[in-house]
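> Just to be clear, the model below is a prediction. Sequence and coordinates:
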Amino acid sequence: MLMNRFLTQAAIAASLPTLLLACSPQTTPDADTTSESAPEEEVAAATDGTGELTIRANGEDFVRQGFVTKDGWEVSFDHVYVTLTGITAYQSDPPFDAEAGGTPEATETVAIAETVTVDLAEGDDNAEPIMVKSVEAPAGRYNALSWQMMPAAEGPAAGQTIWMQGTATKAGETIDFVVKLDPELEYVCGDFVGDERKGILNADEAADLEATFHFDHLFGDGEAPADDDINTGALGFDPLAAIADGGTLDVDMAALEAQLTPEEYQTLMGILPSLGHVGEGHCEETQLVDS
């Protein structure tokens, strides 16, 4: 159904390198905590035995706390469902470089068999990233993570890959929205980049890995300058507000294609591959396929 549409948009996504690498200042970690050349003692792990590896999904404060879009809409989310499958953690040697592409050269892999739908907006403003699954795993340094996103088979987000429900307010106008997106996406990511290292699993201990979703790529960030890359490449909320009816917007991908301008729809489709990260670490978007 969506094959031609998404293959076309893969080319559009490839034309947006600045957007794919741009991240809001809200989520940018300190430079001295994200160095690719951290001392060996900071990243080494005992490789004998097993520990508990937990995969988490994080929509960041944009989803948990709400934010102001690049065009001035105050957005808060009730639900942001994403459906993940094929989640695989790797001990890659050499470390996987997502910007160079290819696949991790794994010495160990840990795969999660289940397809899992999580609500990134679950919990209060200060909630921890959502736990997807904890598994027993060989000790070592997990420095690459991949996953696919696909439409949910059942539940509140059935038929959709990403289901966003919330409220947007601007200048006295309020819009209750549900935006449903059903592409199938695949991400292959390198090492987590953030305030602390992740994925270093010692025997009989626990470690986390995180699939991070940057929704500021879609809506922009009102706290960033208008000419910042995060805003110049974003769709914003104005195009969605323009197709709302009586303060309500309930649209799926087909409705968005029909009601947005061709340029707006192409912008939307070009942004979707850039949503997936590992903290501030980048991912290679490897395919957009028919759903």
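Yes, it's here.

> would you put the C-alpha positions of the helix or strand containing Asp176 in CSV?
According to DSSP states H and E, Asp176 maps onto strand 173-181. Below are the C-alpha coordinates for strand 173-181, written out as CSV (Å, rounded to 0.1, in the frame of the first residue of the first chain):
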residue,chain,number,x,y,z
GLU,A,173,-7.1,28.4,20.2
THR,A,174,-7.0,24.8,21.4
ILE,A,175,-6.8,21.7,19.2
ASP,A,176,-7.3,18.2,20.4
PHE,A,177,-5.3,16.0,18.1
VAL,A,178,-4.7,12.4,17.2
VAL,A,179,-2.0,11.9,14.5
LYS,A,180,-1.6,8.3,13.3
LEU,A,181,1.4,7.3,11.2
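
> who's in contact with that strand?
Residues outside strand 173-181 that contact it (C-beta atoms under 8 Å, 6 or more residues apart in numbering) are 157, 159-169, 240-241, 244, 247-253, 256, 272. Yep, even glycine has a C-beta here, placed from its N, CA and C like the rest.

> let's go with 6 Å and repeat that
160-165, 167-168, 241, 244, 247-253 (C-beta atoms under 6 Å, 6 or more residues apart in numbering).

> Please check those and keep the buried ones.
Among the contacts of strand 173-181, the ones that count as buried by 16 or more other C-beta atoms under 10 Å are 160-165, 167-168, 241, 244, 249, 251, 253.

> elements contacting the strand of greatest length in the chain?
Of all segments of type strand in the chain, defined using DSSP state E, the longest is strand 74-92. Here strand 74-92 touches strand 106-111, strand 116-119, strand 144-149, strand 162-170, going by 3 or more C-beta pairs under 6 Å, 6 or more residues apart in numbering; DSSP states H and E.

> Swap in 7 Å and give it another go.
With contacts taken as 3 or more C-beta pairs under 7 Å, 6 or more residues apart in numbering; DSSP states H and E, strand 74-92 sits against strand 50-58, strand 106-111, strand 116-119, strand 144-149, strand 162-170, strand 206-213.

> List the strands paired with the fifth one, with their directions.
Taking DSSP bridges as the criterion, strand 162-170 sits next to strand 74-92 (antiparallel), strand 173-181 (antiparallel) in its sheet.

> thinking again about what came up before, check which residues of the longest strand of the chain are buried.
Neighbour-count burial for strand 74-92 flags 75, 77, 79-85, 87-92 (criterion: 16+ other C-beta under 10 Å).

> Report the two of these separated the most.
Pairwise distances across the buried residues of strand 74-92 peak at 38.4 Å for Val75 and Gln91 (criterion: C-beta to C-beta).

> Go ahead and confirm Gly222 touches Thr69.
Yes. Gly222 lies in contact with Thr69 (C-beta atoms under 7 Å); the separation is 5.8 Å.

> Which residue of the two possesses the greater neighbour count?
Taking neighbours as other C-beta atoms under 10 Å, Gly222 and Thr69 compare with Thr69 leading, 26 against 18.

> Can you give me the distance of the residue most central in space within the chain to Val135?
The chain has Phe213 as the residue nearest its centroid, 2.2 Å off, counting by C-alpha atoms, centre = their mean. Computed as C-beta to C-beta, to the nearest Å, the Phe213 to Val135 distance reads 21 Å.

> show me the contacts for the nearest residue to Ser76 once chain neighbours are set aside.
Leaving aside its sequence neighbours, Ser76 sits nearest to Gly66 (C-beta to C-beta, 6 or more residues apart in numbering; 3.7 Å). Taking C-beta atoms under 7 Å, 6 or more residues apart in numbering, we find Gly66 in contact with Glu74, Val75, Ser76, Phe77.

> okay, these in TSV with distance to Ala152 and pLDDT next?
Shown next, in TSV, are the contacts of Gly66 (distance: C-beta to C-beta, whole Å; pLDDT from 0 to 100):
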residue	distance to Ala152	pLDDT
Glu74	28	98
Val75	23	98
Ser76	23	97
Phe77	17	98
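
> Now flag whichever of these is closest to Leu201.
Using C-beta to C-beta, those come closest to Leu201 at Phe77, 31.9 Å.

> My guess is the closest one contacts Gly166. True?
Yes. Look at Phe77 against Gly166 with C-beta under 7 Å: they come within range, at 4.0 Å.

> Cool, thanks, signing off.
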